[in-house]
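> Below are the sequence and a predicted model for it; my questions follow.
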Amino acid sequence: MNCDESLDNARDKELKKVRDEVLALIRSPLYAERIKNKYFPVIGEGSHSAQIMFIGEAPGENEAKTGRPFCGRAGKILDELLTSINIARKDVYVTNIVKDRPPKNRNPLPDEIAIYAPFLDRQIEIIKPKVVATLGRFSMQYVMHRYGLEKELSSISVLHGKVFSAKDFKLVSLYHPAAAIYNQHLLGTLKEDFKVLKTLV
């Protein structure tokens, strides 16, 4: 076994631990919703040695029914955006801060972010992406606070497409792909912002 294979195996093992702990997270305020609706937690998907990690906010209904992140309409837009910069989805890692679906697709609450965020921190630590791309304001705010960029924090309309340097990765804040479903002109903005990602890997 060479070094790369050994590292991949270690990452697989550590990410499996994250998955198992989220599955067993009965103290989560969203656990009862998961059981009641026969939902799955959405841990993350993609390459465990990805150079780019995308972080959304929380799963929607399609995601909770399948356990896969970004598999509904927003996921189709994400796929289109990746295609526009010639990056295959299988080569990136896609996850959310909150791993279970909040009722009625409402925004995640601070206590929900607090309980799931340590799992996201571990995913970042295990995968070690060169670039972290946040999708939407909740993930942007969390990552910027967590990784020492809180002084740079502003609204997503100001920060989208800009590159910041955290200790171990470059951070790019992006609009959530779902925003382009309701606001068509944001699709063009997202496409322009995605070009920035290509320059960083």
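Yes, it's here. Residues are numbered from 1 along each chain as shown.
> Tell me the spacing between the residue sitting nearest the centre point of the chain and L25.
Centroid-nearest residue in the chain, with C-alpha atoms, centre = their mean: I55, separated by 1.7 Å. Applying C-beta to C-beta, to the nearest Å, the value for I55 to L25 is 18 Å. Glycine gets a C-beta too; all of them are placed from N, C-alpha and C.
> Equivalent analysis for V98, please.
For V98 relative to L25 (C-beta to C-beta), the value is 11 Å.
> of those two, who's got more company?
V98 (28 against 17; other C-beta atoms under 10 Å).
> quick one: contacts for that one?
By C-beta atoms under 8 Å, 6 or more residues apart in numbering, the residues touching V98 are 30, 57-59, 108, 112-113, 116.
> cutoff 10 Å now
Taking C-beta atoms under 10 Å, 6 or more residues apart in numbering, we find V98 in contact with 28, 30, 41-42, 56-59, 107-109, 112-117, 119-120, 138-139, 142.
> count of neighbours near I52?
So I52, with other C-beta under 10 Å, has 26 neighbours.
> In stretch 55-62, which residues are buried?
55-60, 62 (16 or more other C-beta atoms under 10 Å).
> farthest-separated two in those?
I55 and N62 (18.2 Å; C-beta to C-beta).
> Now that we have the contacts of V98, which of them are buried?
Buried among the contacts of V98 (16+ other C-beta under 10 Å): 28, 30, 41-42, 56-59, 108, 112-113, 115-117, 119-120, 138-139, 142.
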